[in-house]
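Student: kindly generate the corresponding structure for this input.
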Amino acid sequence: MTQAPAKPHRVVIVGAGFGGLEAAFGLRGAPVEITLIDRRNHHLFQPLLYQVATASLATSEIAWPIRYLLRDRPEVTTLFANVCGIDAAAKRVALDDGGSIPYDTLVLATGARHAYFGHDEWEPFAPGLKTLEDATTLRRRILVAFERAERETDPDKRAALLTFVIIGAGPTGVEMAGTIADLAKDTLPQDFRHIDTRKARVVLIEAGPRVLAGFPDDLSAYAQASLEKLGVEVMLGEPVTECSADGVVFGGKRLEARTIVWAAGVRASRAAEWLNAPADRAHRLQVEPDLTVPGHPDVFAVGDTVTIKDPDGNPVPGIAPAAKQEGRYVAAQIKARLDGKTLPPFRYKHAGSLAQIGKKKAVIDFGWLKLRGSLAWWIWGLAHIYFLIGVRHRIAVAMNWLWIHTRDQRAARLITQGSSKVAQ
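Tutor: Coordinates of the predicted model:
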């Protein structure tokens, strides 16, 4: 009697960000059947999302269809769907259309969204930056502000239209502030007749004592000085207490502004809630050293979904290299388990922190080496180009940056999603 062949081990990966996609890549050649579920049909290179928001890059230059990336992997099924829960007892992932997907091993790479510290009512006035939709919305708001200012005759209303507030001075906030300042001072002046875009105010507000708090003090000080040289007004130690369609209130002062960008905090997905598992204040899953969820040895979690400490006892940062390392580790752990083995606990290796300040300066902290200025900017650019997927995207982004660097022009200044009558 012929014995039926063993069924492949079913791995379900929820989320096609850096961690989820890296797990799928790492499982190549393993005796598994993979289902990759994402609510969007594309993988997004989030570190350059702010460049879409500031008209430096097009959306197609930092995003790739998931199916295209996995087209040569017949063991991978990609589902365009939204996960709404997990039945851990039955080992099934629930979808919001009523369907469900069975698993033997589950990998949660569900990411995070921006958090407003209990003031979710601020979101319509101060959108964050996590998705392509966020980026194109912000690009529209920024460009429409200049267009409406061109037609505005009231000086106070014009000043409010030309005031751009960024809340949060981490890498995203610093990069947004510097790039908006470049846009106003270098790219747009010759395009308008009734306004001087160089008079636009870019205000970066941070509740903490310094910008780029995750960087060494000297690089943080350099970043602040460089921003101020670009004309950015840096406000430290003054948390925002109100956001509205008219502007913000911080440090007891009201600032009239029509464009506000939220870069102050994130909140993880509902993965912890789905599993009734321990989480921190940002709703990130507190995972075991092998990246499994406590009480669920068949469920892994990676990326912005989780909180875990590095070998020195510091929290692993929520950045792309960390998510990729976690995804690779989970893939290796799954393959080891299928061979009846186990791996040592996950150990994060920090490759460095990078942040751009305008189009010609950056700061880099490799731990053993700190760089700032133009050289850091070139290394920052090369590092980001290297991690892009596909030769075409690398060439397109490199050519765009070279054009911006030499000619101060941004080709992606397109206003979409509405007519000129729509304010936001």
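Student: low-confidence ranges in this protein?
Tutor: In the predicted model of the chain, residues 1-6, 407, 411, 418-424 satisfy pLDDT under 70.
Student: so R413 versus E152, what's the distance?
Tutor: Going from R413 to E152 by Cβ to Cβ, to the nearest Å gives 19 Å. Quick note: C-beta positions are derived from backbone N, CA and C, even for glycine.
Student: typo on my end, it should be G381
Tutor: For G381, the distance to E152 (Cβ to Cβ) stands at 36 Å.
Student: with L188 instead?
Tutor: From L188 over to E152 the distance is 16 Å, taken as Cβ to Cβ.
Student: more neighbours: those two, which one.
Tutor: L188 (22 against 17; other Cβ atoms under 10 Å).
Student: need the contact list for that one.
Tutor: 146, 197 (Cβ atoms under 8 Å, 6 or more residues apart in numbering).
Student: quick one, phi psi at G99?
Tutor: Note on G99: backbone dihedrals following degrees, to the nearest 10 are phi -80, psi 170.
Student: quick one: contacts for the nearest residue to it once chain neighbours are set aside?
Tutor: Of all residues not flanking G99 in the chain, A81 sits nearest, at 7.4 Å (Cβ to Cβ, 6 or more residues apart in numbering). Neighbouring residues of A81 by Cβ under 8 Å, 6+ apart: 37-39, 95-97, 99.
Student: try 10 Å this time
Tutor: Taking Cβ atoms under 10 Å, 6 or more residues apart in numbering, we find A81 in contact with 14, 35, 37-39, 93, 95-97, 99, 101.
Student: ok, the spatially most central residue of the chain - contacts?
Tutor: The geometric centre of the chain, computed from its C-alpha atoms, lies nearest to Q46 (Cα atoms, centre = their mean), at 4.0 Å. For Q46, the contacting residues are 17-18, 62-63, 111, 129-132, 135, 172, 304, 319-320, 323, by Cβ under 10 Å, 6+ apart.
Student: now, which of these lie within strands?
Tutor: A63 (DSSP state E).
Student: list the ones among the contacts of Q46 that fall in helices.
Tutor: 18, 132, 135, 172, 320, 323 (DSSP state H).
Student: which non-adjacent residue is nearest the first one?
Tutor: With Cβ to Cβ, 6+ apart as the criterion, F18 has its nearest non-adjacent residue at 4.0 Å, and that residue is A323.
Student: quick one on the thing from earlier: between the contacts of A81, identify the one with the most neighbours.
Tutor: Highest neighbour count within these: V14, with 29 neighbours (other Cβ under 10 Å).
Student: now do the contacts for that residue.
Tutor: For V14, the contacting residues are 20, 35-39, 79, 81-83, 86, 93, 101, 103, 106-111, 269, 271, 274, 301, 305, by Cβ under 10 Å, 6+ apart.
Student: filter these down to the buried ones.
Tutor: By neighbour count, with 16 or more other Cβ atoms under 10 Å, those hold 20, 35-38, 79, 81, 83, 86, 93, 101, 103, 106-111, 269, 271, 274, 301, 305 as buried.
Student: follow-up on the earlier one: determine which two of the ones in helices among the contacts of Q46 are furthest apart.
Tutor: Greatest spatial distance among the ones in helices among the contacts of Q46 (Cβ to Cβ): A135 and A323, at 19.2 Å.
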